[in-house]
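1. fold the following and give me the result.
(2 chains)
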There are 2 protein chains.
Amino acid sequence: MQSRSANADLNVAILGPLGTYTHEAAYKHFGSQATYVERETIKGVFEAISTGADVGVVPQENTIFGSVVETYDNLRETGFVCGEITLQVQHCLLVRTGVQLPEIRKVLSHEQALGQCRDFISTNLPTVSLMKTTSTAAAAQALLGNPPDRAAICSRVCATLFDGLSVLHEGIQNETANFTRFYIICKDQETTITPQVPRTPRSQALVRISPQLPSSTASSVVISPPSISRLLSALQINIIRIDRRPSLGGIPFHDTYLVELQEEPSVERDTESSWLAEVVKAVQRVEEAGGIAHLIGFW
Amino acid sequence: MQSRSANADLNVAILGPLGTYTHEAAYKHFGSQATYVERETIKGVFEAISTGADVGVVPQENTIFGSVVETYDNLRETGFVCGEITLQVQHCLLVRTGVQLPEIRKVLSHEQALGQCRDFISTNLPTVSLMKTTSTAAAAQALLGNPPDRAAICSRVCATLFDGLSVLHEGIQNETANFTRFYIICKDQETTITPQVPRTPRSQALVRISPQLPSSTASSVVISPPSISRLLSALQINIIRIDRRPSLGGIPFHDTYLVELQEEPSVERDTESSWLAEVVKAVQRVEEAGGIAHLIGFW
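-> Numbering: from 1, shown residues only, chains lettered A, B, ... in the order given. Alright, predicted model coming up:
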């Protein structure tokens, strides 16, 4: 299933299915001109950017549930972050175009979304019956070929997936402080310089850091992790996020840190390239301090 | 279900069911004199130490799967870490006491454990049939009241749970670099000074750190997280682990960091209390640098 436009010039791999909030985030950023290709897993999105897709969009963290472990696990060995998208999870009430609130008798959605819109439903649609679907996108699809007295709770992007559907209300969830942040990933640093990708002024970077492997440690020997204080202070750049995952080397308690950096807001630089130079120098300083460091994101 | 001893003087709440590796870790540390009480969830173990249990044992991280999010989520508001236990996941072959390898016709265990012991089985028990059980402890239990030609793959502690069972082989898994590290938790810092708890020389600490809340931020406004570089360097103590979780305040992208500290191995101190004084000073420095910091572990 693909959402194509006549002028498709950018292939965007997303964590599927189409119609979910990852799709909506990608659509918000890349617009209707791009081609959206779904992958079943986050690993699948990382694989897609190695095999033809221009960019991928994967969830990085949610303000309630925290970091998305699978995204960080993939970043231990592959992919380059070339942007971010932050999306407020905004449930919409979709109907067949023209249908008004008093006509609605049934509301369809995923169980979780129905629960999150409890207040809106009891105030505005107190007599409707609720029907659970396997996903929010499936609820939108079920509006087609059925009597027009049905509404679906789903993301705004679903209205672009199926002809004849319209958004009747937006932001109908109880909880408003629910944001998901996504990483836009590319194959490597070179491929991020494609003119098709909309760019914001670059002031962030992602660095992968781990301590040097101990010279003679059998994998069955438990070691205490080395201090990372020296490696972090060697960066000398503002750290705004730190995530920790087991390293891929198989040494127990030997960690890989994914460290997100942000340019000091007060610093005025002549060119964007000086921020890149700053980050590259920071990576070198970490290596001089005894760490293994790689620049794996710049946006 | 409780494992009691005549001389039980310590109540240990563990993530259940009894017979799993959390139980084994607790048993390894607290021995047969303690009373082990199972809780269905990690949250349940934290609740138990507020309502009567002396200590709790919860998994903190595994060398393959990484940090245990639920443990860190609870530590955002409750509990005090007073110790740690590291356990190599060592599958054992349990039999009715006296049974030898050539007599075994059936091997019972959880599907995952059967898979992890594939090599041992094909070499030493090539003709047995495999039977899946709901847990490794259930496999041990199923040896009772059945013909003695059965063996179970499970943790060593299962031999203490059921009379008449013996460990025939230990460490029969393919993969050896699989360790799980557990936190021993107490109600608060005062309750850790109970003489019943075996103590190792204290040289570690856990500190919870978050940036000050912005003075006027509506929860629906997306903010970029503040830099934590200054807060981390204010510690001036070796950092060996950093974990990040969304804060409980409801401000989007406002994080809580759980930072594990370790005394410099080369430092020789007169008394253990000077390490505590050092950590308390570090917490004060973080607050002076504009952070919110709490000592939530010392062992």
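
2. and stretch A:177-193, which residues are buried?
-> Neighbour-count burial for stretch A:177-193, counted by 16 or more other CB atoms under 10 Å in any protein chain shown, picks out A:Ala177, A:Asn178, A:Phe179, A:Thr180, A:Arg181, A:Phe182, A:Tyr183, A:Ile184, A:Ile185, A:Cys186, A:Lys187, A:Thr192. Backbone N, C-alpha and C define where each C-beta goes, glycine included.

3. whoops, I mixed them up, stretch A:77-91
-> Buried residues in stretch A:77-91, counted by 16+ other CB under 10 Å: A:79-91.

4. next, count neighbours for the residue nearest to A:Lys106 when sequence neighbours are not counted.
-> Leaving aside its chain neighbours, A:Lys106 sits nearest to A:Arg150 (4.7 Å; criterion: CB to CB, 6 or more residues apart in numbering or on different chains). By the criterion of other CB atoms under 10 Å in any protein chain shown, A:Arg150 has 22 neighbours.

5. show me the contacts for A:Arg150.
-> Contacts here follow CB atoms under 8 Å, 6 or more residues apart in numbering or on different chains; on that basis A:Arg150 touches A:Val95, A:Arg96, A:Ile104, A:Arg105, A:Lys106, A:Val107, A:Leu108, A:Ala142, A:Leu143.

6. the last one reaches A:Leu94, doesn't it?
-> This points to A:Leu143. Yes: counting by CB atoms under 8 Å, A:Leu143 does reach A:Leu94; the two are 6.6 Å apart.

7. now list whatever residues contact both of these two.
-> Taking CB under 8 Å, 6+ apart as the criterion, A:Leu143 and A:Leu94 both touch A:Ala151, A:Ala152, A:Leu165.

8. between those residues, which sits nearest B:Asp243?
-> B:Asp243 lies nearest to A:Ala152 out of the shared contacts of A:Leu143 and A:Leu94, by CB to CB, at 38.2 Å.

9. which helix or which strand is home to that closest one?
-> strand A:150-154 (DSSP states H and E).

10. who does that strand pair up with?
-> Using DSSP bridges, the strands paired with strand A:150-154 are strand A:92-96 (antiparallel), strand A:106-110 (parallel).

11. follow the chain on from it and name the next helix or strand.
-> helix A:158-161.

12. list the buried residues for that next one?
-> A:Cys158, A:Ala159, A:Thr160, A:Leu161.

13. what helices or strands is it leaning on?
-> strand A:92-96, helix A:136-141, strand A:165-170 (3 or more CB pairs under 8 Å, 6 or more residues apart in numbering or on different chains; DSSP states H and E).

14. how does it look with 7 Å?
-> In terms of contacts (3 or more CB pairs under 7 Å, 6 or more residues apart in numbering or on different chains; DSSP states H and E), helix A:158-161 is packed against helix A:136-141, strand A:165-170.

15. is chain B contacted by the last one?
-> No: counting by CB under 7 Å from any CB of the partner chain, no contacts exist between strand A:165-170 and chain B, the nearest distance being 13.8 Å.

16. list the helices and strands that strand packs on?
-> Using 3+ CB pairs under 7 Å, 6+ apart, strand A:165-170 sits against strand A:92-96, helix A:158-161.

17. of those, which shows the lowest average pLDDT?
-> Least confident of these, judged by mean pLDDT, is helix A:158-161 with a mean of 90.

18. got the phi and psi for A:Gly249?
-> A:Gly249 has phi and psi values of phi -70, psi -10 when expressed as degrees, to the nearest 10.
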